[in-house]
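Enquirer: Pasting the sequence and the predicted coordinates here, then a few questions.
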Amino acid sequence: MAAALVARYPPDPMSERPLVLLSNDDGYASPGLRAMREALVGLGAEVVIVAPENEQSASSHSLSLHRPLRLRAVEPGVFALDGTPADCVYVALHATTRVLPRRPDLVVSGINHGMNLGQDAFYSGTVAAAREAALRGIPAVATSAHVAADLAPGAALSARVALALLEALPARGALLNVNVPRGWTGEVRATHLGARIYEEVVDFRRDPRGREYLWLGGPGVRHERAPGTDTDAYDDGAASITPLRLDLTDGAGHDVARAIADKARGSGS
Ligand code: MN
């Protein structure tokens, strides 16, 4: 049984099985990443991992354009890159056949160690890795679980979501953000992004040599009830699936932009 879960590498480019590129922002050794690979392989996918050497949480969508990167083959089908999550996906997709035998059918990022709800989507390296693929027109799923959640059921759900996305033949660039709460009830909801209310703190301290340093961010976060949101689902013990858009344009703000453009243009034009 265990042998069936061992990924083959390199995958057969002629295989009918879906080819999944798997990454994360917690690093290649993360238990969440391994659980995700097992779940995807268990559903018949070919999986290749390209993940950061080290923890890159909250690195958002940064690309390392100003230093060389090292790609290390850890074991068959597992690569570690000393870069960001977005770097990992970029390298996997554009390194000809050095990493992947062909363009992947799907990109999965996670399972992240910790939730990515509401505006976390802006900061999350987990979401960014998936978004990097979605920007290239590849269906992508970012998945995160509460640090105290059971990984196996969360990974199984995420794998089912990922393969269902592939089956749904979505419009190019589909991007889903999945979250599995602690004490998941088994309920799954389609949601939109809620709002997380963090304790926002800049904590100034002094080092042993008398120089000031500071820490960003407080320990607490809370949500207000907002029906249909991922934060509400979380508070109810439900897993959430939020579709994310790539076009950030605010249609409703267009009138304001047009009025400002008219003013900014001045009388001379
Ligand atoms: Mn993380």
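Expert: That came through, no problem.
Enquirer: And the residue of the stretch 101-250 of the chain that's closest to the ion?
Expert: Proximity to the ion, evaluated over the stretch 101-250 of the chain using CB to the ion, is greatest for N112 at 4.5 Å. The C-beta positions use only the backbone N, C-alpha and C, and glycine is treated the same way.
Enquirer: quick one: average pLDDT of stretch 34-47?
Expert: For stretch 34-47, mean pLDDT is 97.
Enquirer: Centre of the chain to that stretch, how far?
Expert: Remark: stretch 34-47 is offset 17 Å from the chain centroid, using CA atoms, centre = their mean, to the nearest Å.
Enquirer: Please apply the same query to stretch 94-109.
Expert: Computed by CA atoms, centre = their mean, the chain-centroid distance of stretch 94-109 equals 16 Å.
Enquirer: Kindly export stretch 84-101 (C-alpha atoms) in PDB.
Expert: The C-alpha coordinates for stretch 84-101 follow below in PDB (Å, rounded to 0.1, in the frame of the first residue of the first chain):
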ATOM      1  CA  THR A  84      10.400  32.500  -2.400                       C
ATOM      2  CA  PRO A  85       7.200  30.500  -3.200                       C
ATOM      3  CA  ALA A  86       6.700  32.500  -6.300                       C
ATOM      4  CA  ASP A  87      10.300  31.800  -7.400                       C
ATOM      5  CA  CYS A  88       9.600  28.000  -7.000                       C
ATOM      6  CA  VAL A  89       6.600  28.100  -9.300                       C
ATOM      7  CA  TYR A  90       8.400  30.400 -11.800                       C
ATOM      8  CA  VAL A  91      11.400  28.100 -11.900                       C
ATOM      9  CA  ALA A  92       9.300  24.900 -12.200                       C
ATOM     10  CA  LEU A  93       7.200  26.400 -15.100                       C
ATOM     11  CA  HIS A  94      10.000  28.000 -17.000                       C
ATOM     12  CA  ALA A  95      13.000  25.600 -16.500                       C
ATOM     13  CA  THR A  96      12.100  23.700 -19.800                       C
ATOM     14  CA  THR A  97      12.100  20.000 -18.800                       C
ATOM     15  CA  ARG A  98      14.700  20.300 -16.000                       C
ATOM     16  CA  VAL A  99      12.000  20.000 -13.400                       C
ATOM     17  CA  LEU A 100       8.700  19.100 -15.100                       C
ATOM     18  CA  PRO A 101       8.400  16.900 -18.200                       C
END
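Enquirer: did I read that right, I241 in a strand?
Expert: Yes: per DSSP: H, G, I helix; E, B strand; the rest coil, I241 lies within a strand segment.
Enquirer: In terms of pLDDT, where does it sit?
Expert: Looking at I241, the pLDDT reads 98.
Enquirer: For D105, see how far away it is.
Expert: To D105, I241 is 19 Å away according to CB to CB, to the nearest Å.
Enquirer: Stretch 32-49 vs the ion: in contact?
Expert: No: figure legend: stretch 32-49 not in contact with the ion (CB under 5 Å from the ion); closest approach 8.3 Å.
Enquirer: distance between that stretch and the chain's centre?
Expert: That offset, for stretch 32-49, works out to 15 Å (CA atoms, centre = their mean).
Enquirer: List the buried residues in it.
Expert: Of the residues in stretch 32-49, those scored as buried under the neighbour-count criterion (16 or more other CB atoms under 10 Å) are 32-41, 45-49.
Enquirer: quick one on the thing from earlier: compare neighbour counts for I241 and D105 and give me the winner.
Expert: Between I241 and D105, I241 has the larger neighbour count (other CB atoms under 10 Å), namely 21 against 17.
Enquirer: hey, what's the more buried one bridged with?
Expert: V178, A190 (DSSP bridges).
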